[in-house]
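Asker: Predicted model and sequence below, questions to follow.
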Amino acid sequence: MTAPAPQAGVAPGASSGEALAHALLDTASILRAGTGRFRVAPASPVSPARLPVLRSGLDRLARALGLPGPELVATPEGLTAAELAVGRRLAVGSASHPGNVGDAEDPAGPDLDDAAVAEATHRARTAFPGPPVVLPARDGALLRCWAAGPPDAPAVAVVGACGMPVGLTVNWLSALSSRYRVVTWESRGLFATGEGAGPGSPVDHSVEAQSEDLLAVLDGFGIGRAHALGLCGGAVVALAAAARSERIDSLSLWHGDWELGDAAPKTTHQRDMESLLAMVARGPEQAAGMHLLLSRPSTLDGLRPDLAHYLIHPYTTPELLYRYGQLNGTLMTTDCRTLLTARQPTLVVTSDQDTTAHPAGSLYVARHLPSAELRTLPAGDHLGAFDARPHLVALAEEFLHSVTDHPRKDT
């Protein structure tokens with residue numbers, strides 16, 4: 001019996017101020033994307049008299065967190081897709097949401113004093129998985145990284161989808177960190193790593209550089225060897241790292257987004273994404289034009305509402321979209337057949353219901369890796385893999401037990 005894993009998110013019974021502070025941190029990647037001041041609207045219509053109270057509470061918490069606080073406007077009319085996604089996550093003024101900071105009877109509302117602000121922001125900052133550690137990649141690029149779990153436990157590096165904030169993989173960190181030393185990071189060049197806004201200088205977007213980031217994260221946390229758990233395009237990064245270094249001593253590749261030439265088909269989504277990324281990667285001007293289209297509220301129609309504020313991140317600004325086209329476009333178009341020499345024990349997981357990344361790609365990868373086993377699940381879509389539901393965690397831990405629970409020699 002292992003101890004229960006730390007839980008992501010807001011603890012039951014948290015104050016409304018704490019809940020809103022946590023939501024601000026959860027959307028911080030967008031707030032710090034360098035767009036100028038973001039606009040958000042209340043979750044439901046509020047009176048003109050109440051709006052300044054809501055605005056004050058939101059501003060005070062954002063300042064205490066060191067974030068460029070969003071501007072609270074009266075209605076959602078004219079807001080971009082990213083602004084709508086952030087506003088829905090914050091849910092300011094919602095009577096049913098703990099982030100209601102404006103109710104006159106709510107202690108986190110107009111009477112939120114300095115001590116209450118400090119307490120709410122402290123609790124939000126220290127909630128799992130905690131603040132990032134900024135580590136240098138091997139080429140000097142800065143990476144936002146996290147570590148959780150016993151430092152002397154077998155290590156698992158969670159490699160998320162390209163361009164996605166850590167919140168999308170936090171369920172895996174939480175589920176595995178009671179027994180394993182779990183580390184992860186956010187994609188190079190797509191997140192603000194300093195005190196200011198914006199993603200910093202352009203970076204090398206090659207598969208080699210992205211896979212080297214995995215090894216740099218291990219270096220930064222003093223880890224010699226690790227299992228790499230890759231999700232979506234992160235499966236490509238994990239496999240590329242394993243093909244270049246025996247420090248990755250086992251793999252699990254979940255719903256991988258594979259380029260395999262004519263050896264495996266792709267879904268309509270994969271083909272459409274490849275076209276989009278190729279277009280925006282041509283240059284800043286093309287990215288800016290596409291950004292205007294993707295900023296329309298209708299962009300949110302195809303996104304899971306509870307994850308939209310993560311999924312929209314790389315589309316927030318023209319510069320982010322341009323870089324995302326380069327980084328993820330490279331992952332989606334690099335022929336992964338050259339990486340299938342990796343001999344580490346590997347679990348390949350897919351589902352017949354995945355209409356995002358074609359399951360035939362995972363089947364091909366499993367058949368051609370020297371030491372792989374395939375699990376094709378009867379149910380579960382692509383984004384469901386990020387939820388880390390109990391049956392998925394059990395599958396991951398069963399494989400991890402077989403490859404990590406033995407004496408290890410770090411290098």
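Answerer: Received it, and whenever you're ready, just let me know what you need. Please read these numbers as outputs of a predicted model, since none were measured by experiment.
Asker: going forward, measure contacts and count neighbours with C-alpha atoms only.
Answerer: Will do.
Asker: residues contacting the residue most central in space within the chain?
Answerer: By Cα atoms, centre = their mean, the chain has its centre lying nearest to residue 165, at 3.0 Å. By Cα atoms under 8 Å, 6 or more residues apart in numbering, the contact set of residue 165 is 29, 186, 310, 313.
Asker: Mind checking which of those residues are in strands?
Answerer: Among the contacts of residue 165, the subset assigned to strands under DSSP state E is empty.
Asker: any idea which element residue 87 lies in?
Answerer: Taking DSSP states H and E as the criterion, residue 87 maps to helix 81-90.
Asker: do residue 37 as well
Answerer: For residue 37, there is no enclosing helix or strand under DSSP H and E.
Asker: what's it sitting at in phi/psi?
Answerer: When read as degrees, to the nearest 10, the backbone of residue 37 gives phi -70, psi 130.
Asker: How many residues are close by residue 247?
Answerer: 18 (other Cα atoms under 10 Å).
Asker: surely it meets residue 228?
Answerer: No: the criterion here is Cα atoms under 8 Å, and residue 247 misses it with residue 228 at 9.8 Å.
Asker: So for the residue located most distally from the centre of the chain, what's the pLDDT?
Answerer: Distance from the C-alpha centroid of the chain, by Cα atoms, centre = their mean, peaks at residue 49 (37.4 Å). According to the prediction, residue 49 has pLDDT 92.
Asker: repeat for residue 219
Answerer: 98.
Asker: in the helix holding residue 87, what's buried?
Answerer: Within helix 81-90, the residues scored as buried using 16 or more other Cα atoms under 10 Å are 81, 82, 83, 84, 85, 86, 87, 88, 89, 90.
Asker: Which residues are in contact with the first one?
Answerer: Residue 81 makes contact with 294, 295, 296, 297, 298, 299, 300, 312, according to Cα under 8 Å, 6+ apart.
Asker: Which residue, other than its chain neighbours, is closest to it?
Answerer: Leaving aside its chain neighbours, residue 81 sits nearest to residue 297 (4.4 Å; criterion: Cα to Cα, 6 or more residues apart in numbering).
Asker: quick one, phi/psi of that neighbour?
Answerer: phi -60, psi -30.
Asker: what residues are up against residue 370?
Answerer: Counting by Cα under 8 Å, 6+ apart, residue 370 has contacts 340, 341, 342, 343, 344.
Asker: Run through the residues that contact the third one.
Answerer: What that stands for is residue 342. 239, 242, 243, 369, 370.
Asker: Among those residues, which ones are in helices?
Answerer: 239, 242, 243 (DSSP state H).
Asker: and the residues you listed as TSV, adding neighbour count and pLDDT?
Answerer: Compiled in TSV, the ones in helices among the contacts of residue 342 are given as follows (neighbours: other Cα atoms under 10 Å; pLDDT from 0 to 100):
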residue	neighbour count	pLDDT
239	27	98
242	26	98
243	18	97
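Asker: Now do the same contact list for residue 137.
Answerer: Here residue 137 is in contact with 143, 212, 213, 216, 217 (criterion: Cα under 8 Å, 6+ apart).
Asker: Report the distance from the helix or strand containing the third one to the chain centre.
Answerer: Assigned by DSSP H and E, residue 213 belongs to helix 207-220. Relative to its chain's centre, helix 207-220 lies at 17 Å (Cα atoms, centre = their mean, to the nearest Å).
Asker: Tell me which helix or strand comes right after it.
Answerer: Following helix 207-220 in sequence, per DSSP H and E, is strand 226-231.
Asker: Check which helices and strands that following strand is in contact with.
Answerer: Counting contacts by 3 or more Cα pairs under 8 Å, 6 or more residues apart in numbering; DSSP states H and E, strand 226-231 is packed against strand 155-159, helix 233-244, strand 248-254.
Asker: 6 Å instead, please
Answerer: Counting contacts by 3 or more Cα pairs under 6 Å, 6 or more residues apart in numbering; DSSP states H and E, strand 226-231 is packed against strand 155-159, strand 248-254.
Asker: Report the mean per-residue pLDDT for stretch 177-186.
Answerer: 98.
Asker: With stretch 75-91 instead?
Answerer: For stretch 75-91, the mean pLDDT works out to 96.
Asker: what do you get for stretch 262-274?
Answerer: Throughout stretch 262-274, pLDDT has a mean value of 98.
Asker: buried sites along it?
Answerer: Here stretch 262-274 shows 264, 265, 266, 267, 270, 273, 274 as buried, counting by 16+ other Cα under 10 Å.
Asker: The second one and residue 204, how far apart?
Answerer: Going back to what we said before, that points to residue 265. Counting by Cα to Cα, to the nearest Å, the gap between residue 265 and residue 204 amounts to 29 Å.
Asker: Fine by me, thanks again.
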